[in-house]
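Q: missing the sequence, but the structure's below:
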């Protein structure tokens, strides 16, 4: 079995490729990344048994590159994306050209190769003033240009669903340690602010508002689960570890005996919507997610304190 992974050296991909041994009958992996974040070190000491690795440095906006892959590809895990939701307000045109353009190239590649696609979307497509939301919600309200583009991706897949087998995973905000970890998302950013003794930026009235969070380990476990189960039913699944308020996340930091300072700031997002996301549909597949956001906070703080 052969797999192609785009954006493989990023936050999720760097953790996923270290666990490729958990995928059954895997023979060869195409690892594609633009190296914009210079994370080539992620490929060192992978210790993958009997799995051939083929690394390709390329910008996937050039669809001709994919046509040069002659091997049979069974699955594509599409991770390549500009993911900074707050920054997306300033780079909306670039984000749409990059993320949506690349996504369409990937879908068309999958159709041509008859490869099954793992598509990553986001729970930020919801953002309604509702106590609990699930995949059946039809009226989406994306919070940012990043989330708006994710909705377009979902619509493009729906339009082509008779031509391709896929699953869409709407991920919560990622937490936890990886070689390619990023610090523009809430929990990781809060941990870095704490270690640097900086004010933690809190958007408007977000302290009491709920958001869905996803442990990186749970994200990777979910991707591997769907491949091993060969469950590609053209469905959407919410993937979260738990729903928490910002105040609860900050309390996790305090439990590690750190003093924190907060500063209220204005932001186009994360300032007015509170919502919880249901993962009932995912649980019904038999997948058990057992990691904790509190544990991720502790491991992130422990990592960072070694550096500062």
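A: On my side now, so go ahead. Predicted, not measured: the structure shown is a model, and the values here were computed from it.
Q: can we go C-alpha only for contacts and neighbour counts from here?
A: Will do.
Q: And stretch 296-303, how far out from the chain middle?
A: 19 Å (CA atoms, centre = their mean, to the nearest Å).
Q: Report the buried residues of that stretch.
A: 296, 297, 298, 300, 301 (16 or more other CA atoms under 10 Å).
Q: Filter the residues you listed down to the ones in helices?
A: 296, 297, 298, 300, 301 (DSSP state H).
Q: and which of the buried residues of stretch 296-303 is nearest to residue 193?
A: residue 301 (10.2 Å; CA to CA).
Q: which element is the closest residue to the closest one other than its chain neighbours on?
A: The shortest distance from residue 301 to any non-neighbouring residue, by CA to CA, 6 or more residues apart in numbering, is to residue 191 (5.9 Å). Using DSSP states H and E, residue 191 sits within helix 186-195.
Q: which residues sit against that helix?
A: If you take CA atoms under 8 Å, 6 or more residues apart in numbering as the criterion, helix 186-195 is touched by 173, 175-176, 182-183, 199-201, 249-250, 253, 258-261, 297, 300-301, 304-305, 308.
Q: any chance of the buried residues of stretch 296-303 in CSV, with distance to residue 113 and pLDDT too?
A: Shown next, in CSV, are the buried residues of stretch 296-303 (distance: CA to CA, whole Å; pLDDT from 0 to 100):
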residue, distance to residue 113, pLDDT
296, 38, 97
297, 41, 98
298, 43, 97
300, 39, 97
301, 43, 97
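Q: Now flag whichever of those residues is closest to residue 44.
A: Checking the buried residues of stretch 296-303 one by one against residue 44 (CA to CA), the nearest turns out to be residue 300, at 21.6 Å.
Q: From residue 197, how far off is the closest one?
A: 15 Å (CA to CA, to the nearest Å).
Q: And residue 183, by the same measure?
A: Counting by CA to CA - residue 183 and residue 197 are separated by 15 Å.
Q: nearest residue to residue 121 other than its sequence neighbours?
A: Using CA to CA, 6+ apart, the closest residue to residue 121 is residue 170 (4.4 Å).
Q: Strands of the stretch 51-200 of the chain, start to end?
A: 52-57, 75-78, 116-122, 130-133, 166-171, 173-175, 199-203 (DSSP state E, counting those that start in this stretch).
Q: how big is the angle separating the longest one from strand 166-171?
A: Looking back up the chat, that one is strand 116-122. 20 degrees (axes from the mean of the first three to the mean of the last three CA atoms, to 10 degrees).
Q: what is the mean pLDDT for strand 116-122?
A: Strand 116-122 carries an average pLDDT of 97.
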